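S.K.: structure of the sequence below:
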Amino acid sequence: MLSAAGSGIASPGSPNGAGTGEVAIFYYPWYGTAAMDGAWQHWQQNGNAPPTQIASNWFPVRGPYSSSDAGVVQAQMREIASAGVQTVIVSWWGPGSVEAARLPRVARLARAAGLRVAVHVEPYPGRTPAGLAPQLRTLAATGITDFYVYDSTTSSDSDWRALNKALPALRLFANTGLPGKAAAGGFAGLYTYDVRIYDGSSFPRMCASARMHDLLCAPSVGPGFDAERATGDTRVRSRADGATYDGMWRAAVRAAADVVTITSYNEWHEGTQIEPARAVGPPYLSYDGAYGLTGRAAQRAYLDRTAIWVRRYRARVGR
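M.R.: Numbers count the residues shown, from 1 in each chain. As a prediction, this is how the structure comes out:
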């Protein structure tokens, strides 16, 4: 495996640290049901009343599920692997959080499906680079060596640089589109996550600059953004029947990204998910029309399209 600059130096964190040609996807283990978890978790945001009214503009094929359900998680991991994705990046909200409690099961089932596991370090209250050091060491002891740090720009470059220097065996990615900012913090790479702000047009320039800074470039692609039902946010990036997803993938391939990150598998609140959805009628949207598909065939439209783009991407980077 090569470094971002292709120097021949092995990337850290084997076997979890992948080199050029990796495809990773953001995954959220934060959903709960009254029957399994004692209360609804996340599906009820913004005054919604599950199971018939949920905090998403789309409705999952599985219905509002629990991330505590091993059967559900196992099926999700197999689904992700079937699309050719290599790594699942699990949302983690710090020690003591529901997401932290569920991580071991998610990791076990992901690895059983042949997936690598990384962690999305969310901006939980009290998070600091210094405070993260022991937490990341604990997670690294379980075999996780890749960490994507959301809102990394909220802490100083010097603090991140100290953390990265203290954890040389780990690979941390900064959430920024500015390679110079990621380099100043001593990060191994950068990722964009936000598919509403970033439309892909900056990916070639961003990745070229990242290589000049000896950074891994991991731009994020996604099908669209629509969070109104969950948050009231009226800003939308239309899916355009799949054209938005294709455009972002095309840009990442053109940029010869070291890693392509997908936003997301199941962030239903923001409408970035590619997990299968079913048509249940208003007020919910469906994937009907995506890539000319309708009905049952459309339910997996974005997963199946992902498999196509993964093949094209790996052909481009020689994997």
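S.K.: quick one: mean pLDDT over the helix with the most length in the chain.
M.R.: In the chain, ranked by residue count with DSSP state H as the criterion, the top helix is helix 301-317. Averaged across helix 301-317, pLDDT comes to 96.
S.K.: and stretch 32-43, by the same measure?
M.R.: Confidence over stretch 32-43 (mean pLDDT, whole number) is 98.
S.K.: what residues does that stretch touch?
M.R.: Residues from elsewhere that reach stretch 32-43, judged by CB atoms under 8 Å, 6 or more residues apart in numbering: 28, 30-31, 50-51, 54-56, 64-69, 98, 269. Every residue, glycine included, has its C-beta placed from N, CA and C.
S.K.: ok, back up a step: from the contact counts, what lies against the longest helix of the chain?
M.R.: For helix 301-317, the helices and strands in contact under the criterion 3 or more CB pairs under 8 Å, 6 or more residues apart in numbering; DSSP states H and E are helix 70-82, helix 243-254.
S.K.: ok so, going back, now, which of the contacts of stretch 32-43 lie within helices?
M.R.: Residues of the contacts of stretch 32-43 located in helices (DSSP H): residue 98.
S.K.: can I get the buried part of the contacts of stretch 32-43 as one ChimeraX selection?
M.R.: Buried residues within those, as defined by 16 or more other CB atoms under 10 Å, are selected in ChimeraX through the command that follows:
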select :28,30,31,50,54,55,56,64,65,66,67,68,69,98,269
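S.K.: now, which of the contacts of stretch 32-43 sits nearest residue 130?
M.R.: Proximity of the contacts of stretch 32-43 to residue 130 was ranked by CB to CB; the top entry is residue 98 with 24.5 Å.
S.K.: mind listing the strands for the stretch 1-150 of the chain?
M.R.: 22-27, 87-92, 116-121, 146-149 (DSSP state E, counting those that start in this stretch).
S.K.: want to throw those strands into JSON lines with mean neighbour count, distance to residue 77 and mean pLDDT?
M.R.: Formatted as JSON lines, these follow (neighbours: other CB atoms under 10 Å; distance: least, CB to CB, whole Å; pLDDT from 0 to 100):
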{"stretch": "strand 22-27", "mean neighbour count": "26", "distance to residue 77": "9", "mean pLDDT": "98"}
{"stretch": "strand 87-92", "mean neighbour count": "25", "distance to residue 77": "7", "mean pLDDT": "98"}
{"stretch": "strand 116-121", "mean neighbour count": "26", "distance to residue 77": "10", "mean pLDDT": "98"}
{"stretch": "strand 146-149", "mean neighbour count": "28", "distance to residue 77": "17", "mean pLDDT": "98"}
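S.K.: would you format those strands as CSV with distance to residue 166 included?
M.R.: As requested, these are arranged in CSV below (distance: least, CB to CB, whole Å):
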stretch, distance to residue 166
strand 22-27, 24
strand 87-92, 19
strand 116-121, 15
strand 146-149, 13
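S.K.: right, I'll leave it there.
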